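> Sequence first, predicted model second:
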Amino acid sequence: MQHFFSGRVGMLASASAVWLIGAASVAVAQSQASGQEQAIAQAAAATAKGQTAGEFFKNVTTSTLKELTPSDFLGAMGVMTAAVGYDCSNCHPGAGTDLMDWVSDKVPQKRTARKMVEMVANINKENFGGAQMVTCWTCHHQSDVPSTSITLDRLYSVPVEERPDVVLPGVNQPPAAVILDQYIQAMGGAEKLATLNSFVASGQSIGFAGLGGNGEFHIFAQAPDRRGMWINFPEHPDRGISAWTYDGKTGWISAPRGFLGEYELTGNDLSGARLDAVVSFPGQIKSAFPKWRVGLDDTVGDRVADVVQGSDPSGLLGTFYFDKETHLLLRYVRQTPSPVGHISVQQDFEDYRDVDGIKFPFKYSFLWLDGRFTATLSEVKVNAPVEETKFAKP
Ligand code: HEC
Ligand code: HEC
């Protein structure tokens, strides 16, 4: 989930991969759930004990991946899968069935991938002083055999719109603090936003390509840093509950239709969840990062946007796209590091409406490596009490 969602061309390409992943996971959700959820729960427990992926898994040997926490290791698997346009079963025999075998090296693509992981680490070490300039995506762009020449049609058609993860410095742009202040003003003003202690947003989720649709959708948020996002299907309890929670200390994801089942966030994942919670309260946005930079103007759909990016020493990046005219937030992308490329989550906002003097987006899209959905809200309740369980383990 790199920045590839931002470009139009990238959008199409990524949509198909997510669809493939999504479709495959629906088909296999039932059969794989038990074994896999168990594996994930074990991974989370191991992480809590401070075990690395190399210690915890049976056959994890690459110099960079073996050092990760088990849950960040699984995030890296998601990045590799998306970059080459695969699903897990292209490298792991039987993935998605009861016969899955994550350990086996039988599939040649898995053996190649292991070499590729070392190759990427070496390219970066030898040529870029260890900075992560080359990733699986750099060459693969969702194809397992990278192309070596430009297709001539493409030379004369719309240029491929892809952006570097770290934004290029803007020219003649206002400072980040000014753009963030314009946003705070547009959302209701600092004084009004300071009165926002909690909110509950409710609506309906619309799945991508018919998947995960017609769920009851809720976001619960409590200042300064608690957030829970839930989708459930009251008429089809068998479809499970999807949830993303963060209680100020620990975080969880439950995605019954995803490959990873339910798991506790550890390592870099956790700082991403915290960031989502903090920026749910627009008045706090400036405190979300120690450092901000302004990028070149960009577009989101047909809107021109000011781009402001925050970063912290752990490598977490938050990129915010503000409408140049209305100053409202159109898109927020967060990226956490992994040795094979950033793990990205994108959120898009539309249809802002006024609720008690504060603006809320009534259309919300969420895209991550394992799927995407859109929700339309019907109601936002401001400063209503929220039960602790909404931020806890689903
Ligand atoms: C492009 C090939 C490829 C894809 C696709 C892929 N993996 Fe992997 N997987 C690997 C490689 C290579 C290793 C071993 C890494 C190492 O040695 O550091 C591995 C190891 C693992 C392990 C550790 C097993 C053990 O005990 O040794 C798990 C679990 C795993 N992958 C899960 C997944 C999941 C879940 C997906 C889908 C989201 C996935 N993988 C997709 C290549 C892949
Ligand atoms: C510098 C460019 C480059 C980078 C970076 C790169 N690859 Fe590759 N990869 C290739 C090329 C070229 C091939 C085709 C090799 C061949 O066909 O012999 C390939 C082949 C593969 C294959 C085998 C496909 C098949 O059908 O046999 C897999 C799987 C793969 N790469 C995974 C990865 C992963 C995972 C990463 C990131 C850790 C990665 N690659 C990074 C260039 C790259």
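On my side now, so go ahead. Numbers count the residues shown, from 1 in each chain. Ligands and ions are numbered 1, 2, ... in the order given.
> Spell out which residues of the stretch 1-150 of the chain are next to ligand 2.
80, 84, 109, 112-113, 116-117, 120, 134, 136, 138-140, 144-146 (C-beta under 6 Å from any ligand atom). Every residue, glycine included, has its C-beta placed from N, CA and C.
> So what's the residue count around Leu99?
Burial of Leu99 is recorded as 11 neighbouring residues (other C-beta atoms under 10 Å).
> list the contacts for it?
Pro93 (C-beta atoms under 8 Å, 6 or more residues apart in numbering).
> out of the residues of the stretch 1-150 of the chain next to ligand 2, who's nearest ligand 1?
Proximity of those to ligand 1 was ranked by C-beta to the nearest ligand atom; the top entry is Ala113 with 3.7 Å.
> what's near enough to touch the closest one?
Met80, Val84, Cys91.
> Any chance of the backbone angles for it?
The phi/psi pair for Ala113 (degrees, to the nearest 10) reads phi -60, psi -40.
> Now do the end-to-end distance for stretch 317-333.
Length of stretch 317-333, first residue to last, C-alpha to C-alpha, to the nearest Å: 8 Å.
> quick one: which of the contacts of Ala113 is nearest to Ala186?
Taking C-beta to C-beta as the measure, Ala186 sits nearest to Met80 out of the contacts of Ala113, at 39.3 Å.
> quick one: secondary structure of that closest one?
Following DSSP: H, G, I helix; E, B strand; the rest coil, we place Met80 in the helix state.
> repeat for Val171
Per three-state DSSP, Val171 ends up coil.
> And for it, nearest residue in space, chain neighbours not counted?
Nearest non-adjacent residue to Val171, counting by C-beta to C-beta, 6 or more residues apart in numbering: Leu296, 7.1 Å away.
> you'd agree the one you found is up against Val167?
Yes. Judged on C-beta atoms under 8 Å, Leu296 makes contact with Val167 at a distance of 7.1 Å.
> Give me the common contacts of those two.
Joint contacts of Leu296 and Val167 (C-beta under 8 Å, 6+ apart) are Val307.
> and these two? which has more neighbours close in?
Taking other C-beta under 10 Å, Leu296 and Val167 do not tie; Val167 has more neighbours (19 against 13).
> dump the residue contacts of the more buried one.
Taking C-beta under 8 Å, 6+ apart, we find Val167 in contact with Arg293, Val294, Gly295, Leu296, Val307, Gln309, Thr319.
> what does Thr135 give?
By C-beta under 8 Å, 6+ apart, Thr135 lies in contact with Gln2, Val79, Ala83, Val120, Val340, Gly341, His342.
> from those, which is closest to ligand 1?
Closest approach between the contacts of Thr135 and ligand 1, by C-beta to the nearest ligand atom: Ala83, at 8.3 Å.
> So what's the gap between stretch 239-250 and the chain middle?
14 Å (C-alpha atoms, centre = their mean, to the nearest Å).
> How many residues are close by Asn197?
Close neighbours of Asn197, defined as other C-beta under 10 Å, add up to 15.
> ok, now Gly130?
For Gly130, the neighbour count with other C-beta under 10 Å is 10.
> pLDDT wise, what is it at?
At Gly130, the model reports a pLDDT of 92.
> Can you tell me the SS state at it?
coil.
> The residue sitting nearest the centre point of the chain is in what secondary structure piece?
For the chain, the residue sitting closest to the mean C-alpha position, by C-alpha atoms, centre = their mean, is Val345 at 1.8 Å. Using DSSP states H and E, Val345 maps to strand 343-355.
> So that strand, near ligand 2 or not?
No. On the criterion C-beta under 6 Å from any ligand atom, strand 343-355 is out of touch with ligand 2, staying 13.4 Å away.
> Show me what counts as buried in that strand.
Residues of strand 343-355 classed as buried by neighbour count (16 or more other C-beta atoms under 10 Å): Ile343, Ser344, Val345, Gln346, Gln347, Asp348, Phe349, Glu350, Tyr352, Val355.
> Contact partners for the fifth one?
Gln347 makes contact with Asp276, Arg331, Tyr332, Val333, Tyr364, Ser365, Phe366, Leu367 under the criterion C-beta under 8 Å, 6+ apart.
> residue contacts, the first one?
By C-beta under 8 Å, 6+ apart, the contact list for Asp276 reads Arg227, Trp244, Tyr246, Arg334, Val345, Gln347.
> and with 10 Å instead?
219, 221, 225, 227, 229, 244, 246, 251, 288, 318, 332, 334, 345, 347, 366 (C-beta atoms under 10 Å, 6 or more residues apart in numbering).
> What is the burial count for Gln284?
Gln284, neighbours per other C-beta under 10 Å, totals 18.
> what's the distance between Glu191 and ligand 1?
Taking C-beta to the nearest ligand atom, to the nearest Å as the criterion, Glu191 is separated from ligand 1 by 46 Å.
> Are we agreed that that residue is in a helix?
Yes. Counting by three-state DSSP, Glu191 falls inside a helix.
> so it makes contact with Gly283?
Yes. Glu191 lies in contact with Gly283 (C-beta atoms under 10 Å); the separation is 9.0 Å.
> Between those two, point out the one with more neighbours.
For Glu191 and Gly283, the more surrounded residue by other C-beta under 10 Å is Gly283, and the numbers stand at 20 against 10.
> from what I can see that one touches Lys359, true?
No. With contact defined as C-beta under 10 Å, Gly283 does not count as touching Lys359 (11.9 Å).
> Which neighbours do those two have in common?
Shared contacts of Gly283 and Lys359 (C-beta under 10 Å, 6+ apart): Met187, Gly188, Lys192, Leu193.
> Quick one: which of the residues you listed is the most crowded by neighbours?
Met187 (23 neighbours).
> quick one: contacts for the closest residue to that one other than its chain neighbours?
Nearest in space to Met187, with sequence neighbours left out and distances taken as C-beta to C-beta, 6+ apart, is Pro282 at 4.4 Å. Counting by C-beta under 10 Å, 6+ apart, Pro282 makes contact with 180, 183-184, 186-188, 190, 193, 196, 328-329, 358-360.
> Looking at the residues you listed, which are in strands?
Of these, the ones assigned to strands by DSSP state E are Leu329, Ile358, Lys359, Phe360.
> from those residues, which is closest to Phe233?
Checking these one by one against Phe233 (C-beta to C-beta), the nearest turns out to be Phe360, at 24.1 Å.
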